[in-house]
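Chemist: Return atomic coordinates for the entry below.
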Amino acid sequence: MNKNNTQIERYQKLIEYLESKFKTDITSEDIEDVSFYSYRNINRIFAALQHETIGQFIKRKRLEKAAEFLKYSEEEISDIALDIGYKDLAAFSKAFKKHFNCSPSKYRNSQHIQQEITTRILQEKKEKKEKTTKTLSFAIEHLPSLKILYLQYKSSYEDIHGIETTWNSLIKYAFKKKLLCDETILLGEILDDDDITDTLQCRYNAGIILEDHQDFDTKGFFGIKEIPAQKYAKFIHKGSHESCYETYNNIYARWMQDVQLEFADQPILEFYVNDESTTPKEELITEIYIPIV
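Modeler: Numbering: from 1, shown residues only. Okay, here's the model as predicted:
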């Protein structure tokens, strides 16, 4: 393994560490132990690649996670602050207001109002088309742990071309590794909520599921990870990938009415059923798996 690949792996290991530990107190010594760089040097590298310092990254992740809890749960604000690593409620409220330009309570209220408005609009549109409103169709499924080869995309979820480029790179790499066959399952792992996370920081993993015997060392920004076993609410989207947002809007707007389940703090998964090269866009099927408790 060359020196450049080793450095990339150390950087990726640091990212993984920060994403799993951002709620806890992370010291400069912890950073140095994970990255094998001095804190000063790794912080410079990190800022150049992430466009924010390590400290800013940790703070942003905490506040975005708080916003997610405020949006999707009824947990007390003080408990949310404590859960994401703020021991002082006043300090949390101040930091949250600076990041989102409103207090935590106002943010929660605005999200609830927005969801109610969206629900009402969708309901009115539906009632114009049919006299009775059908319930939102979904199934409950338990997925086992999944080992995947993945390549991460980071920017706006609306940049379909950028996501396609990421997929093309992953497929090309998997083909060289002789990992592709007719039964290969493609999935996308949506790590951020674009209503909460800054557009340029939204992350999406393009991935293929690996069989147990498919084990090898990755290079560069390609990685292997395990998605833990999880319970999901499964929805079906039919149509182009660009139009997926319509299905997501419908799911979230009618979640409390038709689904009535509690979200789990895990990424959303998308399974791509069809071969996009041979299937018309309007016939594409995407299985959407939303994690639930």
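
Chemist: Only C-alpha atoms from now on, for both contacts and neighbour counts.
Modeler: Will do.

Chemist: And the spatially most central residue of the chain, how close does it get to Gln111?
Modeler: Most central in the chain under C-alpha atoms, centre = their mean is Leu191, positioned 1.1 Å from the mean C-alpha point. Distance of Leu191 to Gln111, computed by C-alpha to C-alpha, to the nearest Å: 20 Å.

Chemist: Same question for Phe235.
Modeler: 23 Å.

Chemist: rewinding a little: the residue nearest to the centre of the chain and Ala206 touch, don't they?
Modeler: No - in this structure, Leu191 is not within contact of Ala206 by C-alpha atoms under 8 Å, at 11.1 Å.

Chemist: between Phe235 and Gln111, who's got more neighbours?
Modeler: Comparing Phe235 with Gln111 by other C-alpha atoms under 10 Å, the one with more neighbours is Phe235, at 19 against 16.

Chemist: Let me know the average pLDDT across whatever helix or strand the more buried one lives in.
Modeler: Using DSSP states H and E, Phe235 maps to strand 230-238. In this model, strand 230-238 carries a mean pLDDT of 96.

Chemist: Next: stretch 190-201.
Modeler: 84.

Chemist: Check the separation of the first and last residues in that stretch.
Modeler: 12 Å.

Chemist: Point out where this structure drops to low pLDDT.
Modeler: Along the chain, the parts satisfying pLDDT under 70 run over 1-5, 115-119, 122-135, 256.

Chemist: Domains of it: list them as residue ranges, please.
Modeler: Per automatic domain parsing, the structural domains of the chain span 3-104, 139-291.

Chemist: With respect to Arg120, which of these lies nearest?
Modeler: domain 139-291 (8.6 Å; C-alpha to C-alpha).

Chemist: Quick one: distance of the closest one to the chain centre.
Modeler: Mean C-alpha position of domain 139-291 versus that of the full chain (C-alpha atoms, centre = their mean, to the nearest Å) differs by 9 Å.

Chemist: From one end of that domain to the other, what's the distance?
Modeler: 12 Å.

Chemist: what's the helix or strand where Leu82 lies packed up against?
Modeler: Secondary structure from DSSP H and E places Leu82 in helix 77-83. Where contact means 3 or more C-alpha pairs under 8 Å, 6 or more residues apart in numbering; DSSP states H and E, helix 77-83 is packed against helix 54-72, helix 89-100.

Chemist: and the angle from the shortest one to helix 54-72?
Modeler: On the basis of axes from the mean of the first three to the mean of the last three C-alpha atoms, to 10 degrees, helix 89-100 is oriented at 90 degrees to helix 54-72.

Chemist: would you say Asp182 is within a strand?
Modeler: No - if the criterion is DSSP: H, G, I helix; E, B strand; the rest coil, then Asp182 is coil and not within a strand.

Chemist: And for it, the neighbour number?
Modeler: Neighbours of Asp182 using other C-alpha under 10 Å come to 6.

Chemist: where's it relative to Tyr37, distance?
Modeler: 43 Å.

Chemist: again with Leu284
Modeler: For Leu284 relative to Tyr37 (C-alpha to C-alpha), the value is 46 Å.

Chemist: Please apply the same query to Glu262.
Modeler: 41 Å.

Chemist: And those two? Which one has more around it.
Modeler: A direct count of neighbours by other C-alpha under 10 Å for Glu262 and Tyr37 places Tyr37 higher, at 16 against 13.

Chemist: one step back: which of the helices and strands packed on helix 77-83 sits most buried?
Modeler: helix 54-72 (a mean of 20; mean count of other C-alpha atoms under 10 Å).

Chemist: List the neighbours of that helix that are in contact with it.
Modeler: 18-19, 22-23, 43, 46-47, 75, 77, 80-81, 84-85, 95-96, 99, 104, 107-108, 111-112, 193, 196-197, 263 (C-alpha atoms under 8 Å, 6 or more residues apart in numbering).

Chemist: which of those are buried?
Modeler: 18, 22-23, 43, 46-47, 77, 80-81, 84-85, 95-96, 104, 107-108, 111, 193, 196-197 (16 or more other C-alpha atoms under 10 Å).

Chemist: Helices - which of these land there?
Modeler: If you go by DSSP state H, the buried ones among the contacts of helix 54-72 have 18, 43, 46-47, 77, 80-81, 95-96, 104, 107-108, 111 in helices.

Chemist: ok, of the residues you listed, which one's closest to Ser145?
Modeler: Nearest member of these to Ser145, counting by C-alpha to C-alpha, is Leu18, at 22.2 Å.

Chemist: if I pick the closest one, what's in contact with it?
Modeler: Counted by C-alpha under 8 Å, 6+ apart, Leu18 has contacts Ile58.
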